[in-house]
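Asker: Output the structure for:
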Amino acid sequence: MTPAARLNRCKAILGELIAFPTVSSDGNIDCLRYIAGLLEEAGARVEILVDESGAKANLWATLGPEGPGGLVLSGHSDVVPTAEQDWTTDPFEMVEKDGKLFGRGTCDMKGFIAACVASLDVLAEVATRRPIHFAFTHDEEVGCLGARHLVEDLKARGIRPAMALIGEPTEMKVIDGHKGCCEYTVRFTGLEGHGSAPDAGVNAVEYAARYVARLLSLREDLKARAAPDSPFDPPWTTINLGGLHGGTAHNVIAGKAALEWEMRPVNDADMGFVKDAVAAHVADDLLPAMRAVAPHASIETEVVGEVVGLAPMPENEARDLMFRLTGANEAQVVPFGTEAGLFQQLGMHVAVCGPGSIAQAHKPDEFISISELEKCLDVLVRLGAEIGGR
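Answerer: This is a model prediction of the structure:
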């Protein structure tokens, strides 16, 4: 297949993928069934692993022999919502303009998935000595839920690939490290009452604000914990407040409040430092004060997702493979999270490298440059040659 023909096939597949509105709150099974059909045509053994809801699934497929080793090409099939975004085109209909392909998920990260599927002819030819696996997951955008389930399943089944390439949009730069990403929703239940007698009630918004004040104090403490040689920017573990909701009126003591926040830990020690400090503040300070007035008062934390980081490793076959294929001679780290750390926990050598720019992700009029897809397709074709020659 000529490069031009392969690019056209990739664009056609991407257009089909964009047409599936796989927003994380909805399902992705129809999209995976479409991908599964193309994989099966190429001779892959395909499994669609449905979750408990029946609406979402992971896809796991293999070309080549059974057994340990080999390479995983991985991407998430879910996308972020388009509601309340000002798009100039239909986000679920791919539009080509000025050398760019517009549509929700074009860069994050259906472009990489389309490139993998458009390269199946080459990959199928060379997957004779070592397997090539495909892992397309659900719910990456809301805590890497699908990848967590997939990794647990692979571990239980004794499936141990040697390497994984996560095709997040990096402009085809090689990434070997990123911070973790932990997201929480904390719900406060107090006691409503008339605003003229605040001491007679328990104001949930007020206690949420005290919780926020502790987080802000911890955020400053974390800066002092940064290692002098930290490769990250910023070099410390960060905390971000995403939203605070509560109350019903100016003159009513708020009985309910919800706080949404995240931290991006540089290491597990920082994650434990923050979680322990927050838990102590709740147990020792906030809850006793709330329950002195309202014994039923509560603070409940929902763990939306705790995604481990990707630790840079001195020896990393996946990173070195991508060096050879891209011509890069050094890896970078990024502040955003991916599923890569989960695969690393399974014992794989892992790199992150994919088409498109993270600057376009999650935005209205999301796009991927056609030149980025061309670079990715070239790398995947040469990846096939590299694997076939070993």
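Asker: ok, which stretches of the stretch 101-250 of the chain are helices?
Answerer: Under the criterion DSSP state H, counting those that start in this stretch, helices of the stretch 101-250 of the chain are mapped to 111-118, 120-126, 145-157, 204-224.
Asker: got the buried residues for the second one?
Answerer: By neighbour count on 16 or more other Cβ atoms under 10 Å, the buried set for helix 120-126 is 120, 122-124, 126. To be clear about C-beta, it is placed using only N, CA and C from the backbone, and glycine gets the same treatment.
Asker: Would you mind putting the CA coordinates of that helix into CSV?
Answerer: This file holds the C-alpha atoms of helix 120-126, laid out as CSV (Å, rounded to 0.1, in the frame of the first residue of the first chain):
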residue,chain,number,x,y,z
LEU,A,120,-2.9,-3.7,10.1
ASP,A,121,-1.7,-5.1,6.7
VAL,A,122,2.0,-4.4,7.6
LEU,A,123,1.6,-5.4,11.3
ALA,A,124,-0.2,-8.7,10.4
GLU,A,125,2.7,-9.7,8.0
VAL,A,126,5.4,-9.2,10.6
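Asker: Show me what that helix is in contact with.
Answerer: Residues from elsewhere that reach helix 120-126, judged by Cβ atoms under 8 Å, 6 or more residues apart in numbering: 1, 38-39, 41-44, 63, 116, 132, 380-381, 383-385, 387-388.
Asker: and what of the first one?
Answerer: By Cβ under 8 Å, 6+ apart, the list of residues contacting helix 111-118 from outside reads 6-7, 9-11, 13-14, 17, 35, 38-39, 73, 75, 77, 101, 105, 123, 134, 136, 167-169, 354-356, 368, 372-373, 376-377, 380.
Asker: Sort out for me which of those residues are in helices.
Answerer: In helices, defined here by DSSP state H, the members of the contacts of helix 111-118 are 6-7, 9-11, 13-14, 17, 35, 38-39, 123, 372-373, 376-377, 380.
Asker: Filter the residues you listed down to the buried ones, ChimeraX style.
Answerer: The command below creates a ChimeraX selection of those among those that count as buried (16+ other Cβ under 10 Å):
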select :6,7,9,10,11,13,14,17,35,38,39,123,372,373,376,377,380
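Asker: would you turn the buried residues of helix 120-126 into CSV with distance to Val304 and pLDDT?
Answerer: Below are the buried residues of helix 120-126 laid out as CSV (distance: Cβ to Cβ, whole Å; pLDDT from 0 to 100):
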residue, distance to Val304, pLDDT
Leu120, 35, 95
Val122, 39, 92
Leu123, 35, 92
Ala124, 38, 90
Val126, 40, 82
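Asker: from these, which is closest to Asp233?
Answerer: For Asp233, the closest of the buried residues of helix 120-126 turns out to be Leu123, at 35.0 Å, with distances computed as Cβ to Cβ.
Asker: How much space separates the closest one from Gly69?
Answerer: In this structure, Leu123 and Gly69 are 15 Å apart, going by Cβ to Cβ, to the nearest Å.
Asker: can you list the domains in this structure?
Answerer: Per automatic domain parsing, the domain ranges recorded for the chain read 3-178+309-388, 181-307.
Asker: So which of these is the most surrounded?
Answerer: The highest mean neighbour count among the domains of the chain belongs to domain 3-178+309-388 (a mean of 20), with neighbours defined as mean count of other Cβ atoms under 10 Å.
Asker: Can you show me the strands along the stretch 1-150 of the chain?
Answerer: Taking DSSP state E, counting those that start in this stretch as the criterion, the stretch 1-150 of the chain contains strands spanning 45-50, 57-63, 71-76, 95-97, 100-102, 132-137.
Asker: between those strands, which one is nearest to Glu260?
Answerer: With Cβ to Cβ as the measure, strand 71-76 is the member of the strands of the stretch 1-150 of the chain nearest Glu260 (21.2 Å).
Asker: For the closest one, the averaged confidence score.
Answerer: This predicted structure assigns strand 71-76 an average pLDDT of 96.
Asker: what does it contact?
Answerer: 109-110, 112-113, 116, 130-141, 146-147, 161-168, 318, 339, 343, 348, 354, 383, 387.
Asker: Direction included, what does that strand pair against?
Answerer: As defined by DSSP bridges, the strand partners of strand 71-76 come to strand 132-137 (parallel), strand 163-166 (parallel).
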